[in-house]
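In: pasting the structure only:
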């Protein structure tokens, strides 16, 4: 991986987890505007915990402070569980074949 490669980076600011998920699906499956070979989405999420398919709500230690912070739980994500929050940089990278049609 010593070769130079162009990547299009897009700053989205604060974006909800589901909104970012939907945008990723749009990029991959439908929108020809995103036909660049490589795209990097940079953003931050409001407080959110994601949980993989094997996780359950009992795995989280939940407090009233979590509710006051507006923390959300997203279940059954394809990936494993994690936390994202304000001030944490999140990057989603896509390597998409150019549109050849």
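Out: Nice, thanks for sending it over. Keep in mind the model is a prediction, meaning the values are calculated, not measured. Numbering: from 1, shown residues only.
In: In this model residue 74 seems to touch residue 51, though I could be wrong.
Out: Yes - here residue 51 reaches residue 74: they are 7.0 Å apart, a contact under C-beta atoms under 8 Å. In short, each C-beta sits where N, CA and C put it, glycine included.
In: Of these two, which one has the most company?
Out: Neighbour count, other C-beta atoms under 10 Å: between residue 51 and residue 74, residue 51 has more, with 19 against 16.
In: Just say helix, strand or coil for the more buried one.
Out: The three-state label given to residue 51 by DSSP: H, G, I helix; E, B strand; the rest coil is strand.
In: Could you pull up the residues touching the nearest residue to it once chain neighbours are set aside?
Out: Nearest residue to residue 51, sequence neighbours excluded (C-beta to C-beta, 6 or more residues apart in numbering): residue 81, at 4.4 Å. Counting by C-beta atoms under 8 Å, 6 or more residues apart in numbering, residue 81 touches 49-52, 55, 59.
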